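Participant: sequence? don't have it. structure:
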């Protein structure tokens, strides 16, 4: 079986992580890097001896599967472009910044029978520590997550950057019950986005987060 040709969209910090993983995996051939900033694409491509692209369509011609690790607001657009071109996709979270676009990405993968994976890596952490094997459903989930200010994290709200992990976890361990009630509060300061957010969710089965 020929090695899967993999490419990375986004030559920033997370794009660099994914490129290194592909380059180290014998089952995969890292073939190309795409970034809207040609200099960043070239720097990461040179590091691994692959092609640098500043045109996404040309980039996709070199790949069977791609990682989308560009800025969060572009995730939906880039994932959809790759799927429409017949490529399997691993997209870093969030899958998109708008629900309608996220639904379009999921639909495109299903229609073309392509693999679509969202990089919710903490799901694997929680699974590895046995959290999902607990015999009881909790009645209360309390999560607090803080991060030092980083310009990289200002392209989306703190809800999509950090709280998304805890919302995902709460939904999973509540048995994916629908949300019956939600209250939230946000505060903006150094950026146009909320950098503090508090939320309280009550699921239909009585679990509170």
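Facilitator: Received it, and whenever you're ready, just let me know what you need. The structure presented is a predicted model; accordingly, all values stated were derived computationally and were not measured.

Participant: Could you list the low-confidence segments of the chain?
Facilitator: For the chain, the stretches flagged by pLDDT under 70 are 1, 152-153, 189-194.

Participant: Try it again at 80.
Facilitator: 1-2, 147-154, 188-195 (pLDDT under 80).

Participant: counting residues per helix, which one in it is longest?
Facilitator: Determined from DSSP state H, the single longest helix within the chain is helix 99-112.

Participant: Give me the buried stretch members for that helix, please.
Facilitator: In terms of neighbour count (16 or more other CB atoms under 10 Å), helix 99-112 has its buried residues at 101-102, 104-106, 108-109. (C-beta placed from N, C-alpha, C; glycine too.)

Participant: I would like the residues contacting that helix, please.
Facilitator: With contacts defined as CB atoms under 8 Å, 6 or more residues apart in numbering, helix 99-112 is touched by 76-77, 79-80, 83-84, 86, 89, 91, 94-96, 114-116.

Participant: Check stretch 51-67 too.
Facilitator: Contacts of stretch 51-67 (CB under 8 Å, 6+ apart): 4-10, 15, 18, 22, 31-36, 38, 41-42, 44-46, 78, 81-82, 85, 87-92, 115.

Participant: Got a quick ChimeraX command for the buried subset of those?
Facilitator: Selecting the buried subset of the contacts of stretch 51-67 in ChimeraX, with 16+ other CB under 10 Å as the burial test, is done by:
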select :4,5,6,7,8,9,10,15,18,22,31,32,33,34,35,36,41,42,44,45,78,81,82,85,87,88,89,90,91,92
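
Participant: Show me how far the longest helix of the chain is from its chain's centre.
Facilitator: Helix 99-112 sits 14 Å away from the centroid of its parent chain (CA atoms, centre = their mean, to the nearest Å).

Participant: Does residue 164 touch residue 93 like I think?
Facilitator: Yes - counting by CB atoms under 8 Å, residue 93 is a contact partner of residue 164 at 5.9 Å.

Participant: where along this protein do the helices fall?
Facilitator: Using DSSP H, helices in the chain cover 13-24, 38-48, 56-60, 75-84, 99-112, 121-128, 158, 164-173.

Participant: Can I get those in a markdown table including distance to residue 208?
Facilitator: Converted to a markdown table, the helices of the chain look like this (distance: least, CB to CB, whole Å):
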| stretch | distance to residue 208 |
| --- | --- |
| helix 13-24 | 33 |
| helix 38-48 | 44 |
| helix 56-60 | 43 |
| helix 75-84 | 30 |
| helix 99-112 | 24 |
| helix 121-128 | 19 |
| helix 158 | 21 |
| helix 164-173 | 9 |
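
Participant: Out of those, the one nearest residue 188 is which?
Facilitator: Nearest of the helices of the chain to residue 188, taken as CB to CB: helix 158 at 9.9 Å.

Participant: name the helices or strands packed onto the closest one?
Facilitator: Counting contacts by 3 or more CB pairs under 8 Å, 6 or more residues apart in numbering; DSSP states H and E, helix 158 packs against strand 194-203.

Participant: Measure how far the strand it packs on is from the centre of its chain, please.
Facilitator: 20 Å.

Participant: got it, and stretch 50-70?
Facilitator: On the basis of CA atoms, centre = their mean, stretch 50-70 sits 17 Å off its chain's mean C-alpha point.
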